[in-house]
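1. Everything below, folded, please.
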Amino acid sequence: MRYLFAVNKLPGLLCALLLGANFAAWGQQVLVQANVADDTVKTTFGPNRRYFGHVYLGYGLVAGQAGTGAEVQHGGASAELRGGGRFKTRFSQALAVNLDLGYSYLRYELEQNAQKLVPSPALHRREGLGLHQIYSEISLRLNAGRRGNSVGRYVDLLAGGSWVVATRHVTEDEPAPGISRVETTEYGLPYLRRWTGNVGTRLGIDRYALAARYRLSPAFGPAYAAWPELPRWVMGLEIGLF
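-> The predicted structure is shown next:
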């Protein structure tokens, strides 16, 4: 009788053992999948990895000497605002190359004095030249010190060019009685050069950098080569958004 009872219970015991084995195998498979995931994959994208990309904003002041008759007001009146994207390829801990593409708006606020020649000797209450530009730039980056996976300290040597996609000349004059303001805007200025080249340098720590650029090309086209030159330097701050 005891033998028959044991025989009757045998199928149930076998099923329980099989189910337990299946659950154990399933649990072991999940653990293996979870543990292998990320540890064996080498990361190649990051601030101090082989590749890195980010966007940035920059603001710079026009600086340097202008030709007689093309003087500008310095400070915030004559400045450049730029924004773009940067892609970095690192070759070693000390050397990398950056490629930039972006947009900038450059404004020259012209001095109103007796020597004024650009774009005409006429005097106004206010007068400015504005350039909308698409620029591209390549830079050689020299890194300094140990920094882990961060941008760290660096010096960039810059070279690039800009396409002037739109231009404008804005004047503000004394209003007649009963009129609050008189402003005239001219677009598509024929005397401003459409393509420019520049060189410069950038000194940075992580997301913050001081940048200085020097315009190699004349501001005015070949037909206006006799005109006095506008200031060639723009110096300012760049902030990386990452």
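2. I'd like to know how many residues surround Arg207.
-> Counted with other CB atoms under 10 Å, residues neighbouring Arg207 total 15. Where you see a C-beta, it was placed from the backbone N, CA and C, and this is true even at glycine.
3. Show the pLDDT at it.
-> For Arg207, the model assigns a pLDDT of 96.
4. Verify the stated contact: it with Tyr154.
-> No. Look at Arg207 against Tyr154 with CB atoms under 8 Å: they stay out of range, at 11.6 Å.
5. what residues go with each domain of the chain?
-> 1-38, 51-241 (automatic domain parsing).
6. Can you tell me which of those is packed in deepest?
-> For the domains of the chain, the largest average neighbour count (mean count of other CB atoms under 10 Å) is found in domain 51-241, namely a mean of 16.
7. so what secondary structure elements neighbour the lengthiest strand in the chain?
-> Identified as the longest strand of the chain according to DSSP state E is strand 153-173. Packing contacts for strand 153-173, counted by 3 or more CB pairs under 8 Å, 6 or more residues apart in numbering; DSSP states H and E, involve strand 95-109, strand 126-144, strand 182-187, strand 195-205, strand 208-215.
8. Now do the shortest one, average pLDDT.
-> On average, the pLDDT along strand 182-187 is 97.
9. Tell me which strands that strand pairs with, and in which orientation.
-> Note on strand 182-187: by DSSP bridges, its sheet partners are strand 153-173 (antiparallel).
10. Tell me the gap between the strand it pairs with and the middle of its chain.
-> 13 Å (CA atoms, centre = their mean, to the nearest Å).
11. what about the protein, any weak spots by pLDDT?
-> Residues of the chain meeting the criterion pLDDT under 70: 1-42.
12. give the contact list for Leu210.
-> Leu210 makes contacts with 202-204, 235-238, as judged by CB atoms under 8 Å, 6 or more residues apart in numbering.
13. got it, and Glu111?
-> By CB under 8 Å, 6+ apart, the contact set of Glu111 is 71-73.
14. Look up how far Tyr56 lies from it.
-> 32 Å (CB to CB, to the nearest Å).
15. same deal with Lys116?
-> From Lys116 to Tyr56 the distance is 36 Å (CB to CB).
16. same thing with Tyr191?
-> 32 Å.
17. ditto for Thr43
-> Here the criterion is CB to CB. By it, Thr43 lies 22 Å from Tyr56.
18. Next up, the contacts around the spatially closest residue to Ser136 that is not a sequence neighbour.
-> Excluding the flanking residues, the one nearest Ser136 by CB to CB, 6 or more residues apart in numbering is Leu101, at 5.2 Å. Counting by CB under 8 Å, 6+ apart, Leu101 makes contact with 84-85, 134-137.
19. which residues are contacting stretch 178-187?
-> So stretch 178-187 is contacted by 166-176 (CB under 8 Å, 6+ apart).
20. cutoff 6 Å now
-> Applying CB atoms under 6 Å, 6 or more residues apart in numbering, the external contacts of stretch 178-187 come out as 168-173, 175.
21. first to last residue in it, what's the distance?
-> 28 Å (CA to CA, to the nearest Å).
22. quick one on the thing from earlier: the helices and strands packed on strand 153-173: which one's closest to Leu230?
-> Between Leu230 and the helices and strands packed on strand 153-173, the shortest separation by CB to CB is 5.7 Å, and it involves strand 95-109.
23. Report the angle between that closest one and strand 153-173.
-> Here the directions of strand 95-109 and strand 153-173 differ by 20 degrees (axes from the mean of the first three to the mean of the last three CA atoms, to 10 degrees).
24. hmm, back to that, out of the contacts of stretch 178-187, the closest to Tyr224 would be?
-> His169 (13.5 Å).
25. If we ignore the residues flanking it in sequence, what's nearest the closest one?
-> Glu186 (4.4 Å).
26. Appreciated, that's everything.
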